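Asker: Here you go, sequence then predicted model.
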Amino acid sequence: MSRPSQPTPLCLLSLLWMFQVCSGIKWLALSQTPASMSINRTQHCKQLRGLVSAQVQLCRNNLELMQTIIQAAREVKKTCQKTSADMRWNCSSIETTPQYLPDLERGTRESAFVYALSAATISHTIARACTSGDLRYCSCGPIPGEVPQPGYRWGGCADNLHYGLLMGTKFSDAPMKMRKSRSQANKLMHLHNSEVGRQALRDALELKCKCHGVSGSCSIRTCWKGLQDLKDIAMDLKTKYLSATKVVHRPMGTRKQLVPKDIDIRPVRENELVYLQSSPDFCHRNEKQGSFGTQGRQCNKTSIGSDSCDLMCCGRGYNPYTETLVEKCHCKYHWCCYVTCKRCERTVERYICK
Ligand SMILES: *[C@@H]1O[C@H](CO)[C@@H](O)[C@H](O)[C@H]1NC(C)=O
Ligand SMILES: *[C@@H]1O[C@H](CO)[C@@H](O)[C@H](O)[C@H]1NC(C)=O
Ligand SMILES: *[C@@H]1O[C@H](CO)[C@@H](O)[C@H](O)[C@H]1NC(C)=O
């Protein structure tokens, strides 16, 4: 049997940083797959951008999973940008996928966040796709082993976290499992952070219930284990991003491992994000560092958080401008059954960083 030539995983020789790095998140380029493209033949797998050979193989063996993985890639991009919209680093460089700028190509805190988010998202999306019946090889998750509390019974359709984690891990960890990738430290960092993302997903499995009984009296509840929404998991990971630990790659016992840099000797915790390289402050434009700077970014004059004008504009000051919003107003309900509204204009003051 002739082997079709596969795209060899391209490791980017980054002369700027004098060491070789291999990105494990090139698969996010799937987010650019045209919506019209249907992946129903094994040949289609080779046309997808950003996949390493092991991922192409997974695609061939799991064609029906691919639309879900493409959806996950879109979800990562959207969720990353939404979650970081109020920070100086706002995940805009994810747009350049599959070639990333140094903020995501190096072992930075930002890449730690994106790897964790990607790993959580792919498994979340697959688990949910099982539940909604989009996939043939999985369905609802198992009924919990415990006996439910009185007045509760198991029912509904649990999110299939097990299948989500199984397939999601295989796919998103594949680039880091390749023998070819050179930088051992980066590989360990990405694998660790991906696992932190998946742990955040496991922690997001919660009891969800629906009430039954005479006129919603809730005398009996049907319950299942469902996942929190991705945006909540992303917020959890954002907290972990803000408190991430800097690590170094050094011998511990018989092997080289990642260990916290400044703190007393202790192993890395399984719920903390880790990074190898410090990031710039993202105040100024510096493409060599993958920083777009915050000039022209909107800031919030009344906020005391990271989107406050002081922090966002790095003390450079800001310019006000007014924006006119057109909104529905004076809405009236007409019997039966429609609503009419007027359009009102409202001006608001906004601020952008100098
Ligand atoms: C694959 O999908 C395309 C577009 O939906 C369709 O035209 C084609 O017949 C399908 N091929 C197979 C083998 O199912
Ligand atoms: C992120 O910041 C960049 C540069 O500061 C800006 O051009 C871009 O519009 C922002 N993106 C989002 C999604 O807010
Ligand atoms: C600005 O921040 C305040 C306080 O956090 C918040 O209530 C308000 O909605 C924000 N305004 C905008 C335009 O985001």
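Answerer: Alright, I've got the coordinates. Ligands and ions are numbered 1, 2, ... in the order given.

Asker: for the protein, what's the longest helix?
Answerer: When every helix of the chain is counted residue by residue (DSSP state H), the longest turns out to be helix 109-131.

Asker: So which elements touch that one?
Answerer: Packed against helix 109-131, as judged by 3 or more Cβ pairs under 8 Å, 6 or more residues apart in numbering; DSSP states H and E, are the following elements: helix 66-83, helix 102-105, helix 161-173, helix 184-203, strand 220-227, helix 230-242, strand 274-275. Any C-beta I mention is one placed from the backbone N, CA and C, and that applies to glycine too.

Asker: repeat that for 6 Å
Answerer: Counting by 3 or more Cβ pairs under 6 Å, 6 or more residues apart in numbering; DSSP states H and E, the packing neighbours recorded for helix 109-131 are helix 66-83, helix 102-105, helix 161-173, helix 184-203, helix 230-242.

Asker: what about the second one and ligand 2, touching?
Answerer: No - with Cβ under 6 Å from any ligand atom as the criterion, ligand 2 is not reached by helix 102-105; the gap is at least 11.7 Å.

Asker: Summarise which helices and strands that helix is packed against.
Answerer: Helices and strands touching helix 102-105, as assessed by 3+ Cβ pairs under 6 Å, 6+ apart, comprise helix 109-131.

Asker: circling back to that earlier point, out of the helices and strands packed on helix 109-131, the one nearest ligand 3 is which?
Answerer: Each of the helices and strands packed on helix 109-131 has some distance to ligand 3 by Cβ to the nearest ligand atom; the shortest is helix 66-83, at 13.3 Å.

Asker: Would you mind getting the angle between the closest one and helix 161-173?
Answerer: In this structure, helix 66-83 runs at an angle of 80 degrees to helix 161-173, with axes from the mean of the first three to the mean of the last three Cα atoms, to 10 degrees as the basis.

Asker: hmm, helix 66-83 touching ligand 2?
Answerer: Yes - where contact is defined by Cβ under 6 Å from any ligand atom, part of helix 66-83 touches ligand 2, namely Q81.

Asker: Dump the longest helix of the chain to CSV, restricted to CA.
Answerer: Once side chains and other backbone atoms are set aside, the C-alpha atoms of helix 109-131 remain, and they are given as CSV (Å, rounded to 0.1, in the frame of the first residue of the first chain):
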residue,chain,number,x,y,z
ARG,A,109,2.2,32.8,30.5
GLU,A,110,0.0,33.7,27.6
SER,A,111,0.8,30.4,25.8
ALA,A,112,0.1,28.6,29.0
PHE,A,113,-3.4,30.0,29.1
VAL,A,114,-4.1,29.2,25.4
TYR,A,115,-2.8,25.6,25.7
ALA,A,116,-5.0,25.1,28.8
LEU,A,117,-8.0,26.7,27.2
SER,A,118,-7.5,24.7,24.0
ALA,A,119,-7.3,21.4,25.9
ALA,A,120,-10.4,22.2,28.0
THR,A,121,-12.4,23.4,25.0
ILE,A,122,-11.8,20.5,22.7
SER,A,123,-12.9,18.0,25.4
HIS,A,124,-15.8,20.2,26.4
THR,A,125,-17.0,20.5,22.8
ILE,A,126,-16.8,16.8,22.2
ALA,A,127,-18.5,16.0,25.5
ARG,A,128,-21.4,18.3,24.6
ALA,A,129,-21.6,16.9,21.0
CYS,A,130,-22.1,13.4,22.5
THR,A,131,-25.0,14.8,24.6
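
Asker: That'll do, ta.
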